[in-house]
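*Asks:* here's my sequence, what's the structure:
(2 chains)
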There are 2 protein chains.
Amino acid sequence: MSENKKIEIMQSVYDKNDEVASKINLSLTKKGIYAINVMGSPGAGKTSTLIQIIKRLDGITPYVIEGDIESDFDTKTLLSMGVKTIQINTGGACHLDSPLIGKAVDDLNIEKGILFIENIGNLVCPAEFKIGEHAKMLISTVTEGSDKPYKYPLAFEKADIIILNKCDLLPYVDFDEDFFIDGVRALNKTAPVIKVSCKTGEGFDEVMLWIKEKAKA
Amino acid sequence: MSENKKIEIMQSVYDKNDEVASKINLSLTKKGIYAINVMGSPGAGKTSTLIQIIKRLDGITPYVIEGDIESDFDTKTLLSMGVKTIQINTGGACHLDSPLIGKAVDDLNIEKGILFIENIGNLVCPAEFKIGEHAKMLISTVTEGSDKPYKYPLAFEKADIIILNKCDLLPYVDFDEDFFIDGVRALNKTAPVIKVSCKTGEGFDEVMLWIKEKAKA
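*Replies:* As a prediction, this is how the structure comes out:
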């Protein structure tokens, strides 16, 4: 397969994806739904972050589309909290795309509120695909190390908000906060970087201010 | 693009990749090189694990092919230790493939020893692509959580050795070791699971026994 054909096929994949994503975004906006694409490495605490946020929504209705390669642990946890959640298992695919989300949105039958779309645990590919979201939330952790913006730039560049999780472990790890922030700011001048701990709840008041302002909720 | 065409293209990508991987593997074997494909999430400690191993090689020559989306921090660290290292930047691609490795092996000009190929930080795609390796080493961490084998099964299924890193943080995280091991064993009956800490050096004597036995070095 020649290089030209590869590029042509990838361009076609992106174009088709973005076209569907725009339709989903328009349809959600009309329904009064603000959609957040939640991205991060495996084990960054994406579901734990959602749980902390959902607990603080004060009457705003949350919906979750839960993306995983396999398994449905997180969906079960969210359903047990009474959150309307739908599972997508990609069966190997390393990111969610907009046709998958389009189908899930139809199945969820959502009304006014906030839709959280938890992407596959992967710091690379999810940032390449629009899925109808209004904002991208990137969750990074102090245990992953402070060099992540330099090594995985696209996710940090595209993020509208960056959550730095597991800050309760700061005393036990070598995390250079200045180096991390410098790396983020070289890629992204505006996204707030909020230090949190899903274990203690620290930092989530600030996260909620951002979400409620953005969602006008 | 129809589903059939997508499958056809992916099959062609895998076939071509595996053909090149077999040639690389044969060529390395003839040279007395044992090659280890090092996989794990972003920030799992792949380079830190290599540093701990390389310090204990007792006269065996290490070579490293360092895969990153962007940046060359780890290559600089390894070069400063006197390790013959070559950088591959994929510029966005989420895994290494065998044509990339074939070129790097030629450029490295290696002789008898052990070749470590540090893959892109991603628990999904790297496990799908053979790159000429003799063994796959998977690095997981206690900070990522004990559900990783259930959520990212292919990497655990394909691994020949599983390193469980950051065990110095066990007192501060909720990590269910039995649940983790049960998940691993449902996918993989034989790979040793070795608890280590790159911070303290704990566990690396056992890792070295495995490497030296496998590499007959």
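*Asks:* assign the residue nearest the centre of chain A to helix, strand or coil.
*Replies:* Ranked by distance to the mean C-alpha position of chain A (CA atoms, centre = their mean), the top residue is residue A:38 at 0.9 Å. Here residue A:38 takes the strand state, with states given by DSSP: H, G, I helix; E, B strand; the rest coil.
*Asks:* quick one: name the residues of chain A near chain B.
*Replies:* With CB under 8 Å from any CB of the partner chain as the criterion, chain A meets chain B at residues A:1, A:9, A:12-13, A:16, A:41-43, A:68-71, A:73, A:92, A:94, A:120-125, A:128, A:141, A:143-145, A:147-148, A:150-154, A:166, A:168-169, A:172-173. Every C-beta, even on glycine, is put in place using the N, C-alpha and C of the backbone.
*Asks:* let's go with 7 Å and repeat that
*Replies:* A:1, A:9, A:12, A:41-43, A:68-71, A:73, A:92, A:94, A:120-125, A:143-145, A:147-148, A:150-154, A:166, A:169, A:172 (CB under 7 Å from any CB of the partner chain).
*Asks:* now the end-to-end length of stretch A:149-158.
*Replies:* 11 Å (CA to CA, to the nearest Å).
*Asks:* report the buried residues of it.
*Replies:* A:149-156, A:158 (16 or more other CB atoms under 10 Å in any protein chain shown).
*Asks:* which outside residues touch it?
*Replies:* A:39, A:123-124, A:127-128, A:136, A:138, A:162, A:180, A:183-184, A:187-188, B:42, B:68-71, B:73, B:92, B:121 (CB atoms under 7 Å, 6 or more residues apart in numbering or on different chains).
*Asks:* what do you get if the cut-off is 8 Å, keeping everything else the same?
*Replies:* A:39, A:123-124, A:126-128, A:136, A:138, A:140, A:148, A:162, A:180, A:183-184, A:186-188, B:42, B:68-71, B:73, B:92, B:121 (CB atoms under 8 Å, 6 or more residues apart in numbering or on different chains).
*Asks:* which residues touch residue A:14?
*Replies:* A:128-129.
*Asks:* again but with residue A:131, I slipped
*Replies:* Counting by CB under 8 Å, 6+ apart, residue A:131 touches A:21, A:24, A:37, A:96-98, A:100-101, A:117, A:119.
*Asks:* farthest pair in those residues?
*Replies:* A:24 and A:119 (14.6 Å; CB to CB).
*Asks:* of these two, who's got more company?
*Replies:* residue A:119 (28 against 22; other CB atoms under 10 Å in any protein chain shown).
*Asks:* how about the more buried one, nearest residue that isn't a chain neighbour?
*Replies:* Once flanking residues are discounted, residue A:119 sits nearest to residue A:126: 4.2 Å by CB to CB, 6 or more residues apart in numbering or on different chains.
*Asks:* let's verify that neighbour: helix, strand, or coil?
*Replies:* Put simply, residue A:126 is helix when judged by three-state DSSP.
*Asks:* from residue B:120, how far off is it?
*Replies:* 14 Å (CB to CB, to the nearest Å).
*Asks:* next up, the contacts around residue A:72.
*Replies:* For residue A:72, the contacting residues are A:66, A:87, A:89, by CB under 8 Å, 6+ apart.
*Asks:* partners of the second one in the sheet?
*Replies:* This means residue A:87. On DSSP bridges, the residues paired with residue A:87 through beta bridges are residue A:66.
*Asks:* sorry, back to before: want to throw the contacts of residue A:131 into TSV with distance to residue B:193 and secondary structure?
*Replies:* Formatted as TSV, the contacts of residue A:131 follow (distance: CB to CB, whole Å; DSSP: H, G, I helix; E, B strand; the rest coil):
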residue	distance to residue B:193	secondary structure
A:21	40	helix
A:24	42	helix
A:37	34	strand
A:96	30	coil
A:97	34	coil
A:98	38	helix
A:100	33	helix
A:101	36	helix
A:117	33	strand
A:119	28	coil
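*Asks:* can you lay out the residues you listed as TSV showing pLDDT and distance to residue A:196?
*Replies:* As requested, these are exported to TSV (pLDDT from 0 to 100; distance: CB to CB, whole Å):
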residue	pLDDT	distance to residue A:196
A:21	97	28
A:24	97	28
A:37	98	18
A:96	97	23
A:97	96	28
A:98	97	29
A:100	96	28
A:101	97	26
A:117	98	19
A:119	98	18
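*Asks:* what is the nearest of the residues you listed to residue B:62?
*Replies:* residue A:119 (35.9 Å).
*Asks:* contacts only, for the closest one.
*Replies:* By CB under 8 Å, 6+ apart, residue A:119 lies in contact with A:37-40, A:46, A:67, A:95-96, A:126, A:131.
*Asks:* look up phi and psi at it.
*Replies:* phi -80, psi 170 (degrees, to the nearest 10).
*Asks:* equivalent analysis for the one 5 residues further on, please.
*Replies:* Residue A:124 has phi and psi values of phi -110, psi -80 when expressed as degrees, to the nearest 10.
*Asks:* pretty sure it sits against residue B:94.
*Replies:* Yes: counting by CB atoms under 8 Å, residue A:124 touches residue B:94, with 4.0 Å between them.
*Asks:* ok, those two, which is more surrounded?
*Replies:* A count of neighbours by other CB under 10 Å puts residue A:124 above the other of residue A:124 and residue B:94, at 26 against 22.
*Asks:* the helix or strand hosting residue A:114 pairs with which strands?
*Replies:* Using DSSP states H and E, residue A:114 sits within strand A:113-118. Strand A:113-118 pairs in its sheet with strand A:33-40 (parallel), strand A:62-68 (parallel), by DSSP bridges.
*Asks:* identify whichever of these lies nearest to residue A:209.
*Replies:* Nearest of the strands paired with strand A:113-118 (CB to CB): strand A:33-40, 14.5 Å.
*Asks:* could you point out which element follows the closest one?
*Replies:* Scanning forward in sequence from strand A:33-40 by DSSP H and E, the next helix or strand is helix A:46-55.
*Asks:* and the helix or strand bottoming out on mean pLDDT in chain A, what's buried?
*Replies:* Taking mean pLDDT, DSSP states H and E as the measure, chain A has helix A:3-30 as its least confident helix or strand, at a mean of 87. Neighbour counts over helix A:3-30 (16+ other CB under 10 Å) mark A:17, A:20-21, A:24-25, A:28 as buried.
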